[in-house]
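**Student:** I need the structure of the sequence given here:
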Amino acid sequence: MIKKIIYFLLLILLAGGGFIGWKVFGPTVNAPEKKYFYIKTGDNYEGVKTDLHDLKIIQSEFWFNQVAKKLNYPKVVKAGRYEIKNGMSLFSLIRMLRSGNQVPVNLVINKIRTKEDLAQKVAANFECDSLSFISFLNNNDSIRKYNLDSNTLMTAVIPNTYSILWNTSPAKIFKKLYSDQVKFWNNERRSKATALNMTPKQVYTMASIVEEETNKEEDKGKIASVYINRIETGMKLEADPTVKFAMKDFGLKRILHKHLEYPSPYNTYRQTGLPPGPICTPSSKTIDAVLNAPQTNYIFFVAKPDFNGYSNFATTYAEHLVFAKAYQNALDSLIKVKAAKATTP
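**Tutor:** Numbers count the residues shown, from 1 in each chain. Model prediction:
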């Protein structure tokens, strides 16, 4: 009889141990709907535990408490963006949270035009909001140490994919962008800029205009050569994209004469030379297209009349007028066709 009782007690102990083992080491954790769990800076243990339970990531606060206390997690809560996988154990989950083993954000920067656009993109991906990031960018003390001002600020941003922790501060996010820009401007690129009698910031600014002029890689170098030649001959750049930037009207389809008079240091129809800063963030390919621009005699360019995205280039104004007239006639015909279709029942 005693043996049976002992055997029964052992079974109970084994079952209890198995149950506890399942709760601690079993696949009891559920992934949240959006895969990631966020802990904000300043969040405490009780808040984290409640959020995990409310999101149904953990099934029981009791067992979470038991394991968390054994691992001393309540005293070392760390902010971050954590990837929660289906079938994790409580032990693995808490160990990950305690170590702060978060998954970085891949911040993808393509072409953006203003620092406000940059602030919105950062706010959409990181803990800091757009107000705190734009406040950093607008603080002269913040950017002066990088030898930047309100006009040249965006030259620190090279379109790329940046791996940055979610709870990184605005200052450190910008420092990361700036550091990668410093690496981009290696000795070879700096030497090429010097050969063009330009600083890296000026090359970046010219590239931003080229970026807005065309998406055809084959034309970028030739367009850059046009602007280089205009600068060398003392002509105004007269670049339409700078007018749009000056007016902050990026949806403007056609630049009319009245637009050319818009008062702004960015309006290159009124101002000689490059604008005081970039009008967008050009790709590294576009920057290199400027640095490697072919030597030409081109002074003018205009879109081809077949609307294939490429341009006709000219060395004389008379030649340019021929190309411009062909494009204008094609554009007028296209508008008439679209208008006729719109009125056809």
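
**Student:** From Thr41, how far out is Thr114?
**Tutor:** Separation of Thr114 from Thr41 (CB to CB, to the nearest Å): 27 Å. Quick note: C-beta positions are derived from backbone N, CA and C, even for glycine.

**Student:** who's more crowded, those two?
**Tutor:** More crowded of Thr114 and Thr41, by other CB atoms under 10 Å: Thr114, with 16 against 11.

**Student:** Give me the pLDDT for the more buried one.
**Tutor:** Looking at Thr114, its pLDDT is 95.

**Student:** need the contact list for Pro263.
**Tutor:** Arg270 (CB atoms under 8 Å, 6 or more residues apart in numbering).

**Student:** Test my guess that Asn297 contacts Thr316.
**Tutor:** No: using CB atoms under 8 Å, Asn297 is not in contact with Thr316; the gap is 9.1 Å.

**Student:** And the pLDDT at Pro345?
**Tutor:** So Pro345 comes in at 60 (pLDDT).

**Student:** which residues are in contact with stretch 90-99?
**Tutor:** For stretch 90-99, contacts defined as CB under 8 Å, 6+ apart pick out 23-25, 28-29, 39, 48, 57-58, 63-64, 67-68, 71-73, 76-78, 82, 84.

**Student:** Could you verify that Leu107 is part of a strand?
**Tutor:** Yes: under DSSP: H, G, I helix; E, B strand; the rest coil, Leu107 falls within a strand.

**Student:** Leaving out chain neighbours, which residue sits closest to Trp331?
**Tutor:** Wrong residue type there; residue 331 is Leu, not Trp. Sequence neighbours aside, Pro305 is the residue nearest to Leu331 in space, at 7.9 Å (criterion: CB to CB, 6 or more residues apart in numbering).

**Student:** In terms of helix, strand or coil, where does that neighbour fall?
**Tutor:** Three-state call for Pro305 (three-state DSSP): coil.

**Student:** burial of it, as a residue count?
**Tutor:** Around Pro305 there are 18 residues (other CB under 10 Å).

**Student:** Let me know whether it touches Asp332 as I believe.
**Tutor:** No: counting by CB under 8 Å, Asp332 is not a contact partner of Pro305; they are 10.6 Å apart.

**Student:** roughly how far apart are Asp288 and Glu212?
**Tutor:** The gap separating Asp288 from Glu212 is 17 Å, by CB to CB.

**Student:** So which of the two has more stuff around it?
**Tutor:** Per other CB under 10 Å, whichever of Asp288 and Glu212 has more neighbours is Glu212, with 22 against 17.

**Student:** got a list of what the nearest residue to Ala330 once chain neighbours are set aside touches?
**Tutor:** Nearest residue to Ala330, sequence neighbours excluded (CB to CB, 6+ apart): Pro305, at 3.7 Å. Contact analysis of Pro305 by CB under 8 Å, 6+ apart lists Ala326, Tyr327, Asn329, Ala330, Leu331.

**Student:** repeat for Asp240
**Tutor:** Shown in contact with Asp240 (CB under 8 Å, 6+ apart): Glu213, Ile255.

**Student:** What pLDDT is listed against it?
**Tutor:** 94.

**Student:** what's the spacing between the residue nearest to Leu331 and Asn312?
**Tutor:** Pro305 is 8 Å from Asn312, by CB to CB.

**Student:** Show me the common contact partners of these two, please.
**Tutor:** Residues touching both Pro305 and Asn312 by CB under 8 Å, 6+ apart: Ala326, Tyr327.

**Student:** what separates stretch 295-303 from the chain centre, distance-wise?
**Tutor:** Counting by CA atoms, centre = their mean, to the nearest Å, stretch 295-303 is centred 32 Å from the centre of its parent chain.

**Student:** quick check: mean pLDDT across that stretch?
**Tutor:** Stretch 295-303 comes out with an average pLDDT of 96.

**Student:** list the buried ones in it?
**Tutor:** For stretch 295-303, the neighbour count (16 or more other CB atoms under 10 Å) marks Tyr298, Ile299, Phe300, Phe301, Val302, Ala303 as buried.

**Student:** want to throw these into JSON lines with distance to Thr168 and secondary structure?
**Tutor:** Formatted as JSON lines, these follow (distance: CB to CB, whole Å; DSSP: H, G, I helix; E, B strand; the rest coil):
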{"residue": "Tyr298", "distance to Thr168": "45", "secondary structure": "coil"}
{"residue": "Ile299", "distance to Thr168": "47", "secondary structure": "coil"}
{"residue": "Phe300", "distance to Thr168": "46", "secondary structure": "strand"}
{"residue": "Phe301", "distance to Thr168": "42", "secondary structure": "strand"}
{"residue": "Val302", "distance to Thr168": "45", "secondary structure": "strand"}
{"residue": "Ala303", "distance to Thr168": "43", "secondary structure": "strand"}
